[in-house]
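Q: build me a structure from this.
(chains A, B and C)
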Amino acid sequence: MGENSKSVLIIGAGIAGIQAALDLGDMGIKVYLIEKNPCIGGRMSQLDKTFPTLDCSICILAPKLSECYRHPNITLYTLSEVQKVEGKIGNFTVEVLKHARYVKEDACTNCGDCAAICPVRGVKNYFDADLKTQAAIFIPFPAAVPPVYMIDKDACVNLNYGICGLCAQNCGAEAIDLTQKDSVLTIDNVSAIIVATGLDLDENIAPLSHYGYGIYQNVVTAMEFERLICASGPQAGHLKRISDGVDPKKIAFLQCIDSRTQRAQKYCSAICCMYTTKEAMVAFEHNDELESYVFYIDMRAGGKGFQNFLGRGKDEYNIKYIKSKIAKVNVDENESPIIVYEDLDSGEIKQMTVDIVVLATCIIPTLGLDKLANILDIELNEYRYVKTDPFFPVETSKEGIFTCGCAREPMDIPRSVAEASGAAARAAEVIRGG
Amino acid sequence: MSVINFDFRNEVLSHNASLSYCYQCATCSGACPVALATAGKYNPRKIIELSILGLQDKLIEGVDVSVWLCSTCQTCVELCPQKVELTEIFTLIKNRSFEEGKIPEGFQLQGQSIVDNGVAIPYSKAIESRREKLGLPKVKTASVDEIKTILKETNFEKNILKVGK
Amino acid sequence: MAYDVFLGCVIPARLPYLEASARKVFTRLGIQLNDVEGFSCCPDPTGIEQIDHKTWLALGSRNLSLSKNQNGEIISFCSGCVETLKGVNYYVNKDSEALKEVNTILSKVGKKYDGKTKVKHFAEVLYENLDKVRDNVTRPLYGFKVAVHYGCHYLRPSEIIDWDDPFEPNTIDEIVKALGAESVDYEMKMECCGNPVEKTDKDLSLLLIENKLKSIQNAGANCVVVVCPACYQQFEFNQRELNKKNNTNYDIPIFYLSELSALAFGFKPDDIGLKFHRVRPNALFENTGFIKES
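A: So this is what the prediction gives:
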C-alpha cells in the first residue's frame, strides 16, 4: 500500500484538532476529522476576543474553519463519534457513528427558510450557552462550518409525532431528509490517531448553587458571560443584566470556582485569571463607566505578555484585583448579588453589592472522555485527562495515538495550537518515518 | 514582641496536619458569621496564619484575635477548599489555653459545675416539681464521685482550679 | 422500635416542657423511649470539648457505654448532645489509640466502650417516620408560616453528623410541611443563632440573633421552629433581652419541633406546658384560627 492511502484520524475539531488537520493536510497526508457537534471550531468559536492581544476570536478562526472545510486532504465528519477502534500503530481500523442531521449536507444552501417556518420554538442553543432559543431546525451560529442546518431530533414534532414536515415543504433546495438514519462508517488504514477532544466546564457536572448559580439570574458562568459580551451573542454585544435588562455598573468576577479545591477539581484551571481579565476588558469597552472586581486566590499570569495584560487591566480598564476567595453569593431585593469577603490588606470583612457575578468555573475533561479512552485503550491520569509524560507531551500510553490541547490538561489557545502542531508532526512521523 | 514558638507549631501540625495545607485564600473569613458580625475582629484565617507561624503567645493571650469567639458553627470547615480542619485546630489552641488557666469565665463556670455536680446544669427543686407536674420521670444522673474520678484522671479538675489563679 | 433516650442537661433541667412534648410525640408514634440511669452531661461540644478534648471524649464515651439497647441506638432531643455523641464515636473509631486511652480512663470507674453505640437526633427519627408523622396529624397547622432554623450542630461537621446537606438541608422543612404548616424561606436561614459565643461576648451573641430575627420578620414568618435547646434559649430568652436592650419589639413565637408535632397531633397547649414559653404564641393561635380565644 502506498503512502497516499495512509491517513491520520483526528478526534475533535476545535482549534487544536483543526490546527493538526491543517498541518497534516498541508503535508499531503490524508486526514479524517471527526467532530461530535454539528459544526467545527469548538470553544474558540464561542469567544469574543482572545487574550492577551484582544484579537477578534472568530476573525482568526474563520479562515481556518473554511480552509479545513475545503481542504482536499481533509474529510470532515460532523455529528460523529468514534465508537470502535481496532489494530495498532500504522494500521488502525476506526468505526465512526454518524448521527443523522436530517439535512443533506451537499444540498443545504444555508438560506434559513426552514427555521423561519418551523413551528417549534424555545429550543436552547448550546452554542449561546443556552441563553438564546431557536427553532427545532437550526444552525448553531450564522458562520458555522459546515454551513448546513440540522434538526434537533428531541424537539422536532415530525420526528417525534409524525406531524408537520413544514421545513421539508418549504425547502427550495430539497435538502431536508426526515427519513435520514444514523449510519456507521468504517475507516481503514489509519496510521495514527490524534485525540483533540478539548474541554467541558464544571457547571456541566456541578450545581454551583452555593454561588447562587441556577437560582439567581444575575449570577452567570464565564462561558455565559463570554456569549453575553460577544457581538454575535444573545444580547448582540450590548451587555445587560439578565434579570431586568439594566446596564451593569459593577461586576464581580469570582475565580477558582471548583478549581484548586480538595472538594471538586484539585488542579488549577490555568486560563481563568487571563480570560477573566479579558472579559472585564471587553465589558469595559462596551461601557467605560464599568467597575470590575476580580476576587482571586493567586493571580496566575504565566505567559508571554500576561503580566502586562493585568497591568493594562488595572490602569486602563478599571479592573480591581482583590485577593480573597468568595464562599457564597446572596442577592438583595433588586436581584443584585451580594458578596462577603475579607480585605486581606486590612483584615476587615466587607460586603459588596454588584450587578452581575461571573463565575470562573473550572475546566474539566470533555464529558465522555472516559468512554472514548476505553474505546482507544489509552490511559487517563488521576484528574481524568489523557495521560501523558512530561517529556513526551503529545504521546498517549498507546503507540500511534497522540493528543494535544485541553484533552490532556487545561491550557490556552496558543499552547493548544503549538501542541497540535507537535501532535501532527509526531503523527506524520508514523507515516513518513522518524 | 512576638516570639515564634516552633514547638507549638509542631504540636499543632502533629495533632492536625491539615494546618499545613492552608493557602490563605480567605474563604473561611469571608464565610464566617462571627467575622462578619465583628467586622473582622474575629478572623479564622488569621488564627490559622498565626498557628502556621507558631505565634503561640498571640493565640493564647488573644492579643490580636480571640479564638474564643468562634461559634463552632463549622461553616469554615465545610467550605475550606483545602479541607483544613479549622475548628479542630482552634479546639487544640483552646485546650492549651485551658492548661495554662486562661479561659473565659463562661467556660470555667460550666467546667466547675461538672466537677461539682457531674452535669453542666444541676436539677433545682423548682425544676423537679415542674417535671413532676408535666408527668416526667425523675432523672437519675451519674454519680458525682464517678465523674470526679474521670475528671481527676484527665487533669480536668486540677486545670479548672488553676483558672484565674 | 425503641431507643435509649439521652436527655442531656439543658432540656430536662431547664426546659422540661420540651421533653414533655417530645415524649408525647414519640409515644403517639409508637416509638418506645427507654430511660437509662447514670448518664452525665454529654458534655457540651461548644464548652467542655473546647477546653478539654480528652475529658470530652472520656465522658462522652462513658455515656455511650451505658446504652444497653439491643440495637445499641441512642436518641437525643438536643443537637449539642447528638454532635458530642456522634463526634466521640467519630474520633474513637478513627483513632484506635484514642479509644484505648479513653478505656484506660474508663477502667478506673469500671466501664468500657467499644465504639459501637449508634446515635440519632430526634428530628432524624421523625424524618425517617415521615409517613407515620403525617398519619398522626389530626389538627394540621394551617396558617403557620414557619421559619425553620436548622442550627449548626444538627448539620455540621457533615463528616461527623452524616445526615442531611450541610448547607441546603430539607429534612425539617419536610417535617414542618407534613404537619400542615408552611416553611418560609428567609435570607439568614443557614446562619448560626449565636448562642455559643454568649460565653465570651454577650453583645455579639445578641447581635447574631437579632440579624436572624430581623430576616425572619422580613420574610413574613409568624413563628420559628428549632431542634436544639441552645438555639431555643437563644431565640426565646434573648428575644426578650434584645427587646429590653434595644427597645425593639420582636414577638415571634419559638417552637421546638416536638411541640409543633404535638400540637398537630392534637395535644392541647396545656398538655405540653406551652405556658412556660416566654414569647406567648396566643396571637398566632388566634390569627390562624388554630385555637379560638377562650
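
Q: phi and psi next, for the residue of chain B positioned farthest from its centre.
A: Most distant residue from the mean C-alpha position of chain B: B:Lys133, 37.2 Å away (CA atoms, centre = their mean). With angles defined as degrees, to the nearest 10, B:Lys133 sits at phi -60, psi -30.

Q: send the alpha carbons of the helix or strand containing A:Val417 over as CSV?
A: Applying DSSP states H and E as the criterion places A:Val417 in helix A:413-432. Only the C-alpha atoms of helix A:413-432 are listed here, as CSV (Å, rounded to 0.1, in the frame of the first residue of the first chain):
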residue,chain,number,x,y,z
ILE,A,413,-5.3,28.8,22.7
PRO,A,414,-1.6,29.5,21.7
ARG,A,415,-0.5,26.4,23.6
SER,A,416,-3.2,24.2,22.2
VAL,A,417,-2.1,25.3,18.7
ALA,A,418,1.6,24.6,19.4
GLU,A,419,0.7,21.2,20.8
ALA,A,420,-1.5,20.5,17.9
SER,A,421,1.4,21.1,15.5
GLY,A,422,3.5,18.8,17.7
ALA,A,423,1.0,16.1,17.6
ALA,A,424,0.6,16.5,13.8
ALA,A,425,4.4,16.2,13.4
ARG,A,426,4.5,13.0,15.5
ALA,A,427,1.6,11.5,13.6
ALA,A,428,3.3,12.4,10.3
GLU,A,429,6.4,10.6,11.5
VAL,A,430,4.4,7.4,11.8
ILE,A,431,3.6,7.6,8.0
ARG,A,432,6.8,9.2,6.8
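
Q: ok, and for it, which residues are buried?
A: A:413, A:415-428, A:430-431 (16 or more other CB atoms under 10 Å in any protein chain shown). Placement of C-beta: from N, CA and C, glycine included.

Q: do stretch A:156-175 as well
A: For stretch A:156-175, a neighbour-count test (16+ other CB under 10 Å) marks A:156, A:158-159, A:164, A:166-168, A:171, A:175 as buried.

Q: before we move on, what about stretch C:190-203?
A: For stretch C:190-203, burial by neighbour count (16+ other CB under 10 Å) applies to C:190-201.

Q: do the same with stretch A:265-284
A: By 16+ other CB under 10 Å, the buried positions in stretch A:265-284 come out as A:265, A:267-284.

Q: quick one: residues contacting the residue of the stretch 1-150 of chain A found nearest chain B.
A: Residue nearest to chain B within the stretch 1-150 of chain A: A:Phe51 (23.5 Å; CB to the nearest CB). Residues in contact with A:Phe51 (CB atoms under 8 Å, 6 or more residues apart in numbering or on different chains) are A:274-275, A:277-278, A:306, A:309, A:412.

Q: burial of the residue nearest to C:Ala264 when sequence neighbours are not counted, as a residue count?
A: Among residues not flanking C:Ala264 along the chain, C:Leu179 sits closest, at 4.1 Å (CB to CB, 6 or more residues apart in numbering or on different chains). Under the neighbour criterion other CB atoms under 10 Å in any protein chain shown, C:Leu179 is assigned a count of 26.

Q: quick one: C:Leu179 from chain A, how far?
A: 26 Å (CB to the nearest CB, to the nearest Å).

Q: now do the lowest-mean-pLDDT helix or strand in chain B: which elements does it pack against?
A: Within chain B, no helix or strand scores below helix B:56-61, which has a mean of 87 by mean pLDDT, DSSP states H and E. Helix B:56-61 is packed against helix B:44-53, helix B:86-99, with contacts defined by 3 or more CB pairs under 8 Å, 6 or more residues apart in numbering or on different chains; DSSP states H and E.

Q: downstream of that helix, the next helix or strand is which one?
A: Counting by DSSP H and E, what follows helix B:56-61 is helix B:75-79.

Q: sorry, back to before: including distance to chain A, mean pLDDT and mean neighbour count, could the helices and strands packed on helix B:56-61 go into a markdown table?
A: Formatted as a markdown table, the helices and strands packed on helix B:56-61 follow (distance: least, CB to the nearest CB, whole Å; pLDDT from 0 to 100; neighbours: other CB atoms under 10 Å in any protein chain shown):
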| stretch | distance to chain A | mean pLDDT | mean neighbour count |
| --- | --- | --- | --- |
| helix B:44-53 | 6 | 95 | 22 |
| helix B:86-99 | 13 | 95 | 22 |
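
Q: so for the residue in chain B that chain C sits nearest to, what's the pLDDT?
A: Going by CB to the nearest CB, chain C is nearest to B:Gly106 of chain B, at 2.9 Å. pLDDT recorded at B:Gly106 is 91.

Q: next one: the closest residue to it other than its chain neighbours from B:Ala120, what distance?
A: Excluding its sequence neighbours, the residue lying closest to B:Gly106 (CB to CB, 6+ apart) is C:Lys199, at 2.9 Å. Going from C:Lys199 to B:Ala120 by CB to CB, to the nearest Å gives 12 Å.

Q: contact partners of stretch B:136-144?
A: For stretch B:136-144, contacts defined as CB under 8 Å, 6+ apart pick out B:116-119, B:123, B:128, B:131, C:7, C:12-13, C:16, C:19-20, C:23, C:35, C:37-40, C:62.

Q: one more time with 7 Å, if that's ok
A: Contacts to stretch B:136-144, defined as CB atoms under 7 Å, 6 or more residues apart in numbering or on different chains, come from residues B:117-119, B:123, C:7, C:12, C:16, C:19-20, C:35, C:37-40.

Q: inside helices: which ones of the buried residues of stretch A:156-175?
A: Residues of the buried residues of stretch A:156-175 located in helices (DSSP state H): A:158-159, A:166-168.

Q: walk me through the domains of chain B.
A: Segmentation of chain B into domains, based on automatic domain parsing, reads B:6-99, B:105-162.

Q: packed most tightly, which of the ones you listed would that be?
A: Per-stretch averages of neighbours, counted by mean count of other CB atoms under 10 Å in any protein chain shown, single out domain B:6-99 among those, with a mean of 21.

Q: and that one, end to end?
A: The first residue of domain B:6-99 is 18 Å away from its last residue (CA to CA, to the nearest Å).

Q: tell me which residues of stretch A:132-151 are tucked away?
A: Per 16+ other CB under 10 Å, stretch A:132-151 contains these buried residues: A:132, A:134-141, A:143-151.

Q: to clarify, my last question referred to stretch A:346-356.
A: For stretch A:346-356, by 16+ other CB under 10 Å, it's A:347, A:349-350, A:354-356.

Q: do stretch C:148-162 as well
A: Those would be C:148-158, C:160-161, for stretch C:148-162 by 16+ other CB under 10 Å.

Q: how about it as CSV, C-alpha atoms only?
A: Provided in CSV are the C-alpha atoms of stretch C:148-162 (Å, rounded to 0.1, in the frame of the first residue of the first chain):
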residue,chain,number,x,y,z
VAL,C,148,-37.1,26.7,60.1
HIS,C,149,-33.8,27.2,62.0
TYR,C,150,-31.7,24.1,61.5
GLY,C,151,-28.9,25.2,63.8
CYS,C,152,-25.3,24.4,63.1
HIS,C,153,-24.8,21.3,65.1
TYR,C,154,-27.8,19.5,63.5
LEU,C,155,-25.9,19.6,60.2
ARG,C,156,-22.2,20.2,60.7
PRO,C,157,-19.5,19.0,60.5
SER,C,158,-21.2,16.8,57.9
GLU,C,159,-18.4,14.2,58.1
ILE,C,160,-19.4,13.6,61.7
ILE,C,161,-23.2,14.3,61.7
ASP,C,162,-23.6,12.4,58.4
